[in-house]
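Asker: Following is a predicted model, sequence given first.
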Amino acid sequence: MNKNRDLLNSSLLTQSFDADLSREDQLEDAKRIARQYSRLENSISILSDMNAGRSYIYYSKFAQEFGFSAEEAVIDSIWEDELLRMIHPEDLQRKYRIELQFFSLLKTIPKEERMNYEVITKLSAQPPNGETIQLQHRLLYINSTVQSCVWLALCLYKKIHSHPIFNTPEAVIINKSTGEVIDCNQLWFKDLLSSREKEILNLMKHGYRSKEISGKLSLSVHTVNRHRQNIFHKLNVNNVMEACRIASGAGLL
C-alpha cells in the first residue's frame, strides 16, 4: 500500500470521535447532498464517514463506462478501491500526496472555515473496455465534529471532455471563499513551524524528552515546553505522535 495512503488511513481513522446525538441527522443530510451531486454533475459521488470507516457511493449514468451498473452502494472502507484500481499509478500517488497535505492543512485551521477548501486533481483511468478516460476528482470535507475531528468527506469523479474550457489542473487546493489557488508544491503551511520548532519536533519524534532536548539545544526546560505547546497549537493536535504524523505529511519534517 502507498505510504501517503497509510498516513491518511492512520490520520483519518484514529481521530477521537465522541458520541454526538445529532450526528445521524447530519449524516442523512450529507447523503442527500452526495446523491444530488451525482445526479446534477453526472459524477460518481462518494461520501466517506471517517468515524464508521464506511462510504456511501452514488453512481450516475457516467459510471456505466467503468462497468458499474448499480445506482448506490455501501462499502466498509473509506477507499473506493474498485474504482481506484483503474487509476494510473502515478496519478494515484499524486492524489494521495495532495490529499495528505490537504488533511494536514485542515488540521491547522478552524473547523468553521474548512468547507471553504477543496482539492481538485486530474486523473487518468482505464476502465474494463481499455479506453483511457480523463477524470476530474474533487475532494472536500463537508462536516467536522464538536471535537474538531474531520468526519465526512465528499469525493466527486467527473469525466473531463476534450474541449479546452474543461481543462483541469494536475493537483491544486482551492479556497472557494477567496478564489485563492494553492499550488500543492508551494503550500503556505510548510512555513507554519519555525526552524526551532521543527528542530524540537524532530527530536521529540526520536523519543527525546523535554529535559534531554533542553540540554541538547542549550535551552531551558520551560522554553522547550513552550515550543512544544506552540507546536501542538499550530498543528491542532494533542500529542507527539499525532504532531509528527501531521508534520511529516505536510512536509514540515
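Answerer: Sure, I can see it.
Asker: residue contacts, Leu217?
Answerer: Glu199, Ile200, Leu203, Val224 (Cβ atoms under 8 Å, 6 or more residues apart in numbering). Every residue, glycine included, has its C-beta placed from N, CA and C.
Asker: in the chain, which spans are helices?
Answerer: For the chain, the helices defined by DSSP state H occupy 3-13, 23-41, 81-84, 89-106, 195-205, 210-217, 221-235, 240-249.
Asker: As TSV, the ones you listed with mean pLDDT and distance to Tyr157 would be great.
Answerer: Compiled in TSV, the helices of the chain are given as follows (pLDDT from 0 to 100; distance: least, Cβ to Cβ, whole Å):
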stretch	mean pLDDT	distance to Tyr157
helix 3-13	80	17
helix 23-41	93	10
helix 81-84	96	7
helix 89-106	88	11
helix 195-205	94	36
helix 210-217	95	46
helix 221-235	90	31
helix 240-249	81	23
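Asker: I'd like a version of those in a markdown table, one that adds distance to Ala153 as further columns.
Answerer: Shown next, in a markdown table, are the helices of the chain (distance: least, Cβ to Cβ, whole Å):
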| stretch | distance to Ala153 |
| --- | --- |
| helix 3-13 | 8 |
| helix 23-41 | 10 |
| helix 81-84 | 14 |
| helix 89-106 | 9 |
| helix 195-205 | 27 |
| helix 210-217 | 36 |
| helix 221-235 | 20 |
| helix 240-249 | 16 |
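Asker: of all these, which lies closest to Leu154?
Answerer: helix 23-41 (5.8 Å; Cβ to Cβ).
Asker: Return the distance of the closest one from the chain's centre.
Answerer: The chain centre lies 19 Å from the centre of helix 23-41; the measure is Cα atoms, centre = their mean, to the nearest Å.
Asker: Next, the buried residues of it.
Answerer: Arg23, Leu27, Ala30, Lys31, Ile33, Ala34, Arg35, Tyr37, Ser38, Glu41 (16 or more other Cβ atoms under 10 Å).
Asker: on contacts alone, who are the packing partners of it?
Answerer: Counting contacts by 3 or more Cβ pairs under 8 Å, 6 or more residues apart in numbering; DSSP states H and E, helix 23-41 is packed against strand 44-49, strand 54-58, strand 133-144, strand 150-159.
Asker: contact partners of it?
Answerer: Outside of helix 23-41, the residues within contact range by Cβ under 8 Å, 6+ apart are 43-47, 49, 51, 56, 58-60, 72, 142-143, 145, 151-152, 154, 156, 158.
Asker: let's go with 6 Å and repeat that
Answerer: Residues outside helix 23-41 that contact it (Cβ atoms under 6 Å, 6 or more residues apart in numbering): Ser45, Leu47, Tyr56, Tyr58, Ser60, Ile142, Asn143, Leu152, Leu154, Leu156, Lys158.
Asker: which residue packs closest to the third one, ignoring adjacent ones?
Answerer: The shortest distance from Tyr56 to any residue other than its chain neighbours is 4.5 Å, reached at Leu47 (Cβ to Cβ, 6 or more residues apart in numbering).
Asker: dump the residue contacts of the one you found.
Answerer: Leu47 touches Ala30, Ala34, Tyr56, Leu154, counting by Cβ under 6 Å, 6+ apart.
Asker: now, which of these sits nearest Arg97?
Answerer: For the contacts of Leu47, the minimum distance to Arg97 (Cβ to Cβ) is 19.7 Å, reached by Leu154.
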